[in-house]
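> Any chance you could fold what I've pasted below:
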Amino acid sequence: MARCDRLLAEHLFAMGHYRSALALARQCPDADEILIEIFQEALNIQEALTKGDTEPAHKWFQEAKFRLKHADCSFEFDLRVFEFYLLVKDGRHMEAVQHSRKHLSNFQEGDDYKARRLGQAMLLLMMRTPEEVDSKAAQNELNESWIIKRFHLALMSFYSFTLPTPFSLAVRAGITAIKTHFCYSAKSRHPDCVVCHPLINRLAQNLLFGRHDHSVLTCYQTGLLMNDDNPPMALPNGYVYSQRAIMDLTGPDGKVTCPRSGETFGAGEAKRVFIL
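Below you'll find the predicted structure:
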């Protein structure tokens, strides 16, 4: 599996896009089977939780809990709270109370997170209709969307995924390396520059500018390198193009029209520029 593909697949996985990560991992010629298994398992658990089935999540947690305990993970408690919500939503209030006594009353004193979640769960018993239960659960983040987020956090902790991801860091480093002040000047933006693209330009706004101790000059018109074989030439209006660009811009009448200002000059008026 190519390194770039792996970094991108892991980035998608870390962002919670399990299906896209799995599809990318599978389409690679030398796919990593272990990675595919991880992505597939995560997707299966996510889909099960969406349907209100917590069994796959419990099975995964039993295999992962030793490592997650060291990370102070409360995912098992979250699953029990979610199951309480499902019971109340189905109108099985007595079962919900029994469930809470069995699974939700044994947390340590001083655990503010679990105490708050338990209090929010108990409020669901006061709701009169399934619609009210759904509304209150969404308000207090006790529903399917919430448990999927909690599962994702537990998953990232178990596999030691970090944010920003290596892919994100690599992209930022690449953008920073080519980002210049010219990318943010309307007059000097170049269509072939990645950072000058409106989308990348916005993404790069808070990144550092690249430091080029040994800079190279490229022609605005052709995008070619300007050097001794293709020296920079300045028109009387101050705009600089490569010698090859000047030749391309010269018409049959020997006139050169500046692409940026629209002014016309004689080809002989273009003077070579020397960089000191």
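> Neighbours of L118, how many?
When counting by other Cβ atoms under 10 Å, one arrives at 18 neighbours for L118. Placement of C-beta: from N, CA and C, glycine included.
> State the pLDDT value of the residue lying closest to T257 once chain neighbours are set aside.
Of all residues not flanking T257 in the chain, T264 sits nearest, at 4.9 Å (Cβ to Cβ, 6 or more residues apart in numbering). Here, the pLDDT recorded for T264 equals 94.
> so what's T264 up against?
T264 sits next to K255, V256, T257, C258 when contact means Cβ atoms under 8 Å, 6 or more residues apart in numbering.
> Where do the helices of the stretch 1-150 of the chain begin and end?
Assigned by DSSP state H, counting those that start in this stretch, the stretch 1-150 of the chain shows helices spanning 3-14, 18-27, 33-50, 55-69, 75-89, 93-103, 112-123, 130-139, 144-158.
> Which strands or helices does the longest one pack on?
This points to helix 33-50. The helices and strands touching helix 33-50, judged by 3 or more Cβ pairs under 8 Å, 6 or more residues apart in numbering; DSSP states H and E, are helix 3-14, helix 18-27, helix 55-69, helix 144-158.
> Show me what the first one packs onto, helices and strands only.
Just to be clear, that refers to helix 3-14. When contacts are defined as 3+ Cβ pairs under 8 Å, 6+ apart, helix 3-14 sits against helix 18-27, helix 33-50, helix 166-178.
> now swap in the shortest one and tell me
Contact partners of helix 18-27 among helices and strands, from 3+ Cβ pairs under 8 Å, 6+ apart: helix 3-14, helix 33-50.
> low-scoring pLDDT stretches of this protein, where are they?
The model of the chain has pLDDT under 70 over residues 1, 212-215, 276.
> can we see that at 80?
For the chain, applying pLDDT under 80 flags the ranges 1, 29-31, 69-71, 107-110, 187-188, 190-192, 211-216, 275-276.
> How is it divided into domains?
Domain ranges of the chain: 3-158, 166-203, 217-272, per automatic domain parsing.
> Show me what stretch 108-116 is in contact with.
By Cβ under 8 Å, 6+ apart, stretch 108-116 touches S74, F77, L104, F107.
> what about burial for those residues, which qualify?
S74, F77, L104 (16 or more other Cβ atoms under 10 Å).
> okay, the residues you listed in a markdown table with distance to K51 next?
Output for those, formatted as a markdown table (distance: Cβ to Cβ, whole Å):
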| residue | distance to K51 |
| --- | --- |
| S74 | 23 |
| F77 | 21 |
| L104 | 22 |
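> which ones are touching L118?
Taking Cβ under 8 Å, 6+ apart, we find L118 in contact with V81, S100, L104, S105, F107.
> Among these, which one lies nearest to S185?
V81 (53.7 Å; Cβ to Cβ).
> Let me know the distance separating A48 from F151.
Distance of A48 to F151, given as Cβ to Cβ, to the nearest Å: 10 Å.
> any common contacting residues for the two?
Common neighbours of A48 and F151 are listed as A57 (criterion: Cβ under 8 Å, 6+ apart).
> For those two, indicate the residue with more neighbours.
Using other Cβ under 10 Å as the criterion, A48 and F151 rank with F151 on top: 24 against 15.
> got CSV for the contacts of stretch 108-116, with distance to G16 too?
Shown next, in CSV, are the contacts of stretch 108-116 (distance: Cβ to Cβ, whole Å):
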residue, distance to G16
S74, 19
F77, 21
L104, 26
F107, 27
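> and those, which two are the farthest apart?
Greatest spacing in those, by Cβ to Cβ: S74 and L104 (11.5 Å).
> that older thread, just give me the closest of the contacts of L118 to I38.
Closest to I38 out of the contacts of L118 is V81 (25.8 Å), distances taken as Cβ to Cβ.
> hmm, back to that, top of the contacts of T264 by neighbour count?
Tallying neighbours with other Cβ under 10 Å puts V256 at the head of the contacts of T264, with 24 neighbours.
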